[in-house]
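**Student:** Quick one, structure for this:
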Amino acid sequence: MTDERFDELAAQTNTKEACALLGASRATRYRRRRPPVAGPPAPRPTPPNALSEAERRHGLALLRSPEHCDLAPAQVWARLLDDGVYVCSVSTMHRLLAVAGENRERRRQRTHPAKKRPELIARRPNEVWSWDITKLQGPERGLYYELFVVIDILSRYVVGWMVSPAETGELAEAFIADTLARHGVGRCASQPSALVVSFGRSLAGMNPAPRPNVAGEGHSRGGSPYGRALRSQPWKW
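**Tutor:** Sure, this is the predicted structure:
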């Protein structure tokens, strides 16, 4: 009934008063007059003050010039105004750079070469060992022990372990030397670097004492995610 009488009432008054008298929504009436059109949206009309192709090329040439190539569009716009030259607005400069794929950091930045992540590869047993120290909870509250563990990264075999009440460089040095002697691994004349020992960033690992040359060569893998994953493997078993 409302829809049938709305057009007659709107013809005698107006849409606003007709909606108020019939209790109808003006937004609903306007949507019904202009139903949605299926398909892609209508293209946006070009504004009358749009730059021509020659003006766009001139603006990009100014932004790429040696005196403006490392300045932000706002700085270029201000310097051109100081010289009595107006090409376009700051937002238009940003749009020109975005279309050209140059809307990024324009200042000269120092480039740093990519750092090569350290990597140790074992092709046979007793070629690369990894050792670290973790804490074990004791029988009483607040009492912890230090667990020293060495694993062979190829076989994941625990070649040595030790439980100590403290973590010191001297204990770590003696522990590694005892593990090497037990397995008969060490430096020799024919193989000066027969074994590589990778250690973590524990207090004992950062102490120069537990890094003797009997193991051939030592590497700290504390900053490498591969080293962290390798050292945390024994505690997940």
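**Student:** which residues touch residue 85?
**Tutor:** Contacts for residue 85 (Cβ atoms under 8 Å, 6 or more residues apart in numbering) come out as none. For glycine as for every other residue, the C-beta is placed from the backbone atoms N, C-alpha and C.
**Student:** Doesn't it belong to a helix?
**Tutor:** No: assessed with DSSP: H, G, I helix; E, B strand; the rest coil, residue 85 is coil; it does not lie in a helix.
**Student:** I'd like the distance between it and residue 128.
**Tutor:** 66 Å (Cβ to Cβ, to the nearest Å).
**Student:** Where do the domain boundaries of the protein fall?
**Tutor:** Domain assignment for the chain by automatic domain parsing gives 2-33, 53-99, 128-236.
**Student:** what bits of this protein have low per-residue confidence?
**Tutor:** Within the chain, the stretches with pLDDT under 70 are 1-4, 186-194, 198-237.
**Student:** Which residue ranges of this protein form helices?
**Tutor:** Along the chain, counting by DSSP state H, helices occupy 2-12, 15-22, 26-33, 53-64, 73-82, 90-99, 169-183, 203-206, 225-236.
**Student:** name the helices or strands packed onto the fifth one?
**Tutor:** This means helix 73-82. Using 3 or more Cβ pairs under 8 Å, 6 or more residues apart in numbering; DSSP states H and E, the elements in contact with helix 73-82 are helix 53-64, helix 90-99.
**Student:** If we use 7 Å, what do you get?
**Tutor:** helix 90-99 (3 or more Cβ pairs under 7 Å, 6 or more residues apart in numbering; DSSP states H and E).
**Student:** between the helix it packs on and helix 73-82, how big is the angle?
**Tutor:** 130 degrees (axes from the mean of the first three to the mean of the last three Cα atoms, to 10 degrees).
**Student:** can you list the helices of the chain in TSV and add distance to residue 123 and mean neighbour count?
**Tutor:** Listed next are the helices of the chain as TSV, based on distance: least, Cβ to Cβ, whole Å; neighbours: other Cβ atoms under 10 Å:
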stretch	distance to residue 123	mean neighbour count
helix 2-12	84	12
helix 15-22	84	15
helix 26-33	73	11
helix 53-64	53	15
helix 73-82	56	15
helix 90-99	52	16
helix 169-183	18	17
helix 203-206	25	19
helix 225-236	16	15
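**Student:** now those helices in CSV, with distance to residue 43?
**Tutor:** As requested, the helices of the chain are exported to CSV (distance: least, Cβ to Cβ, whole Å):
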stretch, distance to residue 43
helix 2-12, 33
helix 15-22, 30
helix 26-33, 23
helix 53-64, 18
helix 73-82, 27
helix 90-99, 17
helix 169-183, 73
helix 203-206, 66
helix 225-236, 50
